[in-house]
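> Could you look at this predicted model? Sequence included:
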Amino acid sequence: MQSLNSLSRYAPYALGLLRIFAALSFISHGTQKLFGFPVPPSWGMPAAMTLPWIAGVLEVVGGTLVLVGFLTRPAAFVLSGMMAVAYWMAHGPKSFYPLLNGGEPAMLFCFIFLYIAAAGPGAFAIESRKG
């Protein structure tokens, strides 16, 4: 067990990598809604100022803040709440089971961002730089 405990010294780096890769994936949902990149949404591009468009803006702006590690905790907290709302508005009514309602990504993003809001940005963050 001693060898596994020694892995804890890598925890800030693992948290930083989780933050970066979750944010990159999250941003792609926003660029899809706002710019049709890498592919337009199957349900069509949202009109400006609609709920899906606002979600896209939050995904790009908030995701970028989390990605670079600037204002990480408040941005991650807002994104966690957004994903909880998205789950219950878009997925929960379809079925109780996340596997059946397509809500697994929303649930994972919700709890990953909640963890980042609580734990902080980890390594590789702008706000963690000294000097």
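Now that the structure is in, tell me what you want to look at. Numbers count the residues shown, from 1 in each chain.

> List of residues touching the longest helix seen in the chain?
Using DSSP state H, we find that the single longest helix of the chain is helix 11-35. The contact list for helix 11-35 (Cβ atoms under 8 Å, 6 or more residues apart in numbering) reads 37-41, 45-46, 52-53, 55-64, 66-67, 69, 72, 79, 109, 112-113, 116, 119-125. For glycine as for every other residue, the C-beta is placed from the backbone atoms N, C-alpha and C.

> So what's the gap between it and the chain middle?
Distance, stretch centre to chain centre, for helix 11-35: 6 Å (Cα atoms, centre = their mean, to the nearest Å).

> between the very next helix or strand once past it and helix 11-35, how many degrees?
Next in sequence after helix 11-35, counting helices and strands by DSSP states H and E, comes helix 51-68. Counting by axes from the mean of the first three to the mean of the last three Cα atoms, to 10 degrees, helix 51-68 lies at 150 degrees to helix 11-35.

> mind listing what's buried in the following helix or strand past helix 51-68?
The helix or strand immediately downstream of helix 51-68 is helix 72-86, counting by DSSP H and E. For helix 72-86, the neighbour count (16 or more other Cβ atoms under 10 Å) marks Thr72, Ala75, Ala76, Phe77, Val78, Leu79, Ser80, Met82, Met83, Ala84, Ala86 as buried.

> could those go into CSV alongside distance to Ile27 and pLDDT?
Compiled in CSV, the buried residues of helix 72-86 are given as follows (distance: Cβ to Cβ, whole Å; pLDDT from 0 to 100):
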residue, distance to Ile27, pLDDT
Thr72, 14, 98
Ala75, 12, 98
Ala76, 13, 98
Phe77, 17, 98
Val78, 15, 98
Leu79, 11, 98
Ser80, 16, 98
Met82, 13, 98
Met83, 14, 98
Ala84, 19, 97
Ala86, 15, 95
